[in-house]
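*Asks:* everything below, folded, please.
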Amino acid sequence: MDRPAPLHPDQWSPALAEISGKLGNPLNIHRIMAHNPALMQAWMPYRNHIVADSSLEPRHRELLILRIAVNCDADYEWQHHVVRGRAAGLSNDEIQRVKAGPDAEGWQAQESVLLRAADECLRDSKISDETYATLSRYYDLAQQMDIITTVGMYLSLATIIKTFRLPLEKD
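*Replies:* Coordinates of the predicted model:
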């Protein structure tokens, strides 16, 4: 069965003109979401909070997203967030270590529990009491909510990406 192709920005609904203007050269994830203008209009502020206004420091946000990409086998997200992870200060060794998970040697306790929280959210749809107790030592309530919603958003994106078989952009 054929899957819909990402829309070229010239094909986007006029309702998306403002979003299109802000994106510049949209990624394939934006181009597939443009098939549903109402969803894209609702999603963009949420996405902007997660990637720009979250209470999490960029390094920790990128660790979360990379772990979600690993757990969801979402290569598209992995490739994009390797670049963003480096920009957020992650070393190549740390990025590769994300694949081994929270128990891999070399993580600080704060980063290990962050990765464990991501794993539990994806596996159990909740953070266990033990993990939550440790997480609470490092992250306040706003940050805890940003952790959970980051996992949820990137799980949704991984599902969209894999369902519609989005190719990585050539550039």
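*Asks:* who does the helix or strand of the chain with the lowest mean pLDDT touch, helix- and strand-wise?
*Replies:* In the chain, no helix or strand scores lower on mean pLDDT, DSSP states H and E than helix 17-23, which sits at a mean of 91. Packing contacts for helix 17-23, counted by 3 or more C-beta pairs under 8 Å, 6 or more residues apart in numbering; DSSP states H and E, involve helix 37-48. Where you see a C-beta, it was placed from the backbone N, CA and C, and this is true even at glycine.
*Asks:* and the next element down the chain from the helix it packs on?
*Replies:* Using DSSP states H and E, the helix or strand that follows helix 37-48 in sequence is helix 58-72.
*Asks:* low-confidence ranges in this protein?
*Replies:* Scanning the chain for pLDDT under 70 picks out nothing.
*Asks:* where along it do the helices fall?
*Replies:* Assigned helices in the chain, in chain order: 17-23, 28-33, 37-48, 58-72, 75-87, 92-98, 109-124, 129-138, 141-163 (criterion: DSSP state H).
*Asks:* still on that earlier bit, how about the least confident helix or strand of the chain: buried residues?
*Replies:* Neighbour-count burial for helix 17-23, counted by 16 or more other C-beta atoms under 10 Å, picks out Ile19, Ser20.
*Asks:* chain center to it, what's the gap?
*Replies:* In terms of C-alpha atoms, centre = their mean, to the nearest Å, the centre of helix 17-23 is found 21 Å from the chain centre.
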